[in-house]
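# Okay, sequence plus prediction incoming.
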Amino acid sequence: MTIQEKYGFRKVLNTRGPATILGAARVSDPIRKEIYDILGESVEIWELQRCASRKISQLTNAEAGCVVNCSSAGMAIAAAAVLTGRDPAKIKALPDITWPRKKILIQKGQVTGAGDCPVWQVIKMTGAEYVEIGEALDCATFHLRAALDDTVAAAFYVMEDTFAPNLLPLETFVQICHEKNVPVICDAAYLTDFTMLAAAGVDLAIYSGQKWLGGCTSGIVAGRKDLVHACFLQEMGIGRPMKVGKEGIVSIMASIDNWLNRDTEQIEAFQKRLASNIAEAVSDISGVTCTVEKSLYSPSVRLRMEIDANATGISAWTINEDMGRLDPVIKTDDYYVSRGIIIFDMAYLDEGDDRIIGGVLREYLTGERKPAPGKSGASDVPKTRQDALYEMFDAWLDGDPRG
Ligand SMILES: *Cc1c(COP(=O)(O)O)cnc(C)c1O
């Protein structure tokens, strides 16, 4: 009996990638084995964290590293660390800040979600005074210079590939902050180059343990030794309700070994085959354009499918929504689905999943499969992905979240 059968929930074919709401990474056997082994042991957490720090340095080239419970926890803990340093009285005082250095800056155009919560929530929960600089599409060196005074504890930078082109580049941002001795905290939860931030002089970088590293829910804060030290000490303060357990710490160590020793060529060849099989299944349908892509923010192969609803008679939005109601559920990267683009990430597909997904897509696009009447049918007011997410979450206990 599978675990889905035992508890009665649906299997998910995950073509979205390591999204936290889809249970993040599918954890491989060698990592699971180490997590399993530690669960039966007692340990001294500081000692396990010290071992993890060495491993994290090996991965990132940073001076030190600390394991946290997830990336958004890492963002809050890093923010707390720059406010308090290693001063225990200050650690215990948060979120009440009675000293002058209490501002944390961010470019307005980088105000994203720390996952599904807004980035300001994880900053403000420390008690920091949150300040946005620049405009949604632009931020200049003068904006940053003007904001950096003696009350600034840190500046936040988010590593993503979806921002407007005229925000400050990382190198410029770090250089100007360092001229004023202001540390830079970088949210790099989706980044797959683990050494570039230490090279760029970032003071604290946050990476995810359960995304591309492939472990269970966990995160890393890596960087300047004194600040990483202050991150660990938040266990005595506001870090407590988001503490990481021994399983998360060991997961990071095992995941780093796994990442550094993985066979990238073999993985890529397998994923390319799956992506081209899915593309092949719909290649003769007019109005469908497929491209295979890779990026700094995805080590896996992604299939980008653009659907012209005028030609196919069905929109990407409808297909995507209906696939989320099938058994097994099919989940995609739906970030651009309102613009007719569905992205399929190959990271967590097994042999044979490509045939299921290709077959289902073909049925929608040829009209053979009719989608169930949807919550957001064509006549409704168009909604966005967060509306859809909220509707599903809101019906989690009662009703039918799958519509
Ligand atoms: C996923 C993600 C987060 C949140 O990660 P969690 O581990 O789910 O808290 C924050 N920032 C970015 C850029 C992310 O991709």
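Noted; the coordinates are in hand.
# What parts of this structure come near the ligand?
Counting by C-beta under 6 Å from any ligand atom, the residues of the chain lying close to the ligand are 20, 70, 71, 72, 114, 115, 160, 187, 189, 190, 208, 219. C-betas here are computed from N, CA, C, even on glycine.
# Any of those buried? List them.
Buried by 16 or more other C-beta atoms under 10 Å: 20, 70, 71, 72, 114, 115, 187, 189, 190, 208, 219, out of the residues of the chain next to the ligand.
# Would you mind confirming that the second one is in contact with residue 208?
Yes: with contact defined as C-beta atoms under 8 Å, residue 70 reaches residue 208; the gap is 7.2 Å.
# Find residues that contact each of those two.
Counting by C-beta atoms under 8 Å, 6 or more residues apart in numbering, the shared contacts of residue 70 and residue 208 are 218, 219.
# quick revisit: now tabulate the buried ones among the residues of the chain next to the ligand in JSON lines and tack on pLDDT.
Compiled in JSON lines, those are given as follows (pLDDT from 0 to 100):
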{"residue": "20", "pLDDT": "87"}
{"residue": "70", "pLDDT": "96"}
{"residue": "71", "pLDDT": "96"}
{"residue": "72", "pLDDT": "97"}
{"residue": "114", "pLDDT": "85"}
{"residue": "115", "pLDDT": "82"}
{"residue": "187", "pLDDT": "97"}
{"residue": "189", "pLDDT": "94"}
{"residue": "190", "pLDDT": "89"}
{"residue": "208", "pLDDT": "96"}
{"residue": "219", "pLDDT": "98"}
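# between these, which is closest to residue 284?
residue 190 (34.3 Å; C-beta to C-beta).
# okay, and for the chain, where does confidence drop off?
For the chain, the stretches with pLDDT under 70 are 374-382.
# Give me the distance between the residue of the stretch 151-300 of the chain found nearest the ligand and residue 216.
Nearest residue of the stretch 151-300 of the chain to the ligand: residue 189, at 3.3 Å (C-beta to the nearest ligand atom). Plainly put, residue 189 is 15 Å away from residue 216 if you go by C-beta to C-beta, to the nearest Å.
# do residue 170 as well
Counting by C-beta to C-beta, the gap from residue 170 to residue 216 is 29 Å.
# and these two? which has more neighbours close in?
Legend: neighbour count by other C-beta atoms under 10 Å for residue 170 and residue 216, higher for residue 216 (21 against 17).
# Which residue, neighbours along the chain excluded, lies closest to the more buried one?
Taking C-beta to C-beta, 6 or more residues apart in numbering, and ignoring the residues beside it in sequence, residue 216 has residue 251 as its nearest neighbour in space, at 4.6 Å.
# circling back to that earlier point, which ones among the residues of the chain next to the ligand are found in helices?
71, 72 (DSSP state H).
# Farthest-apart pair in the residues of the chain next to the ligand, please.
70 and 160 (17.1 Å).
# Now do the strands in this structure.
Assigned by DSSP state E, the chain shows strands spanning 12-15, 64-68, 103-107, 113-114, 117-118, 129-133, 152-158, 184-187, 204-208, 219-223, 288-295, 298-307, 329-332, 341-345.
# mind checking how far the fourth one is from the chain centre?
Relative to the centre of its chain, strand 113-114 is centred 8 Å away, using C-alpha atoms, centre = their mean, to the nearest Å.
# just the second one next, same as before
For strand 64-68, the gap between its own C-alpha mean and the chain's C-alpha mean amounts to 17 Å (C-alpha atoms, centre = their mean).
# elements contacting that strand?
helix 45-60, helix 71-84, strand 219-223, helix 225-233, helix 246-260 (3 or more C-beta pairs under 8 Å, 6 or more residues apart in numbering; DSSP states H and E).
# With distance to residue 203 added, can I get those in a markdown table?
Putting those into a markdown table (distance: least, C-beta to C-beta, whole Å) gives the following:
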| stretch | distance to residue 203 |
| --- | --- |
| helix 45-60 | 13 |
| helix 71-84 | 8 |
| strand 219-223 | 5 |
| helix 225-233 | 6 |
| helix 246-260 | 20 |
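# Highest mean neighbour count out of the ones you listed?
Mean neighbour count (mean count of other C-beta atoms under 10 Å) peaks for strand 219-223 among those, with a mean of 30.
# Given that one, what are its sheet partners and their directions?
strand 64-68 (antiparallel), strand 204-208 (antiparallel) (DSSP bridges).
# Contacts for the last one, please.
Yep, that's strand 204-208 we're talking about. By C-beta under 8 Å, 6+ apart, the residues outside strand 204-208 that reach it are 18, 24, 60, 62, 68, 70-71, 74-75, 78, 81-82, 183-191, 194, 197-198, 213, 218-224, 227-228, 231.
# cool, the first one as well?
Among residues not part of strand 64-68, those counted as contacts by C-beta under 8 Å, 6+ apart are 49, 52-53, 55-57, 59, 74, 77, 206, 209, 218-225, 228-229, 231-232, 239, 242, 244, 248-249, 252.
# go again using 7 Å as the cut-off
The contact list for strand 64-68 (C-beta atoms under 7 Å, 6 or more residues apart in numbering) reads 49, 52-53, 56-57, 74, 77, 218-222, 225, 228, 231-232, 244, 248-249, 252.
# what's the nearest residue to residue 147 if we skip its chain neighbours?
residue 133 (4.9 Å).
# Settle this for me: that neighbour is touching residue 104, isn't it.
No: using C-beta atoms under 7 Å, residue 133 is not in contact with residue 104; the gap is 11.1 Å.
# Among those two, which residue is more densely surrounded?
Higher neighbour count among residue 133 and residue 104: residue 104, with 24 against 21, using other C-beta under 10 Å.
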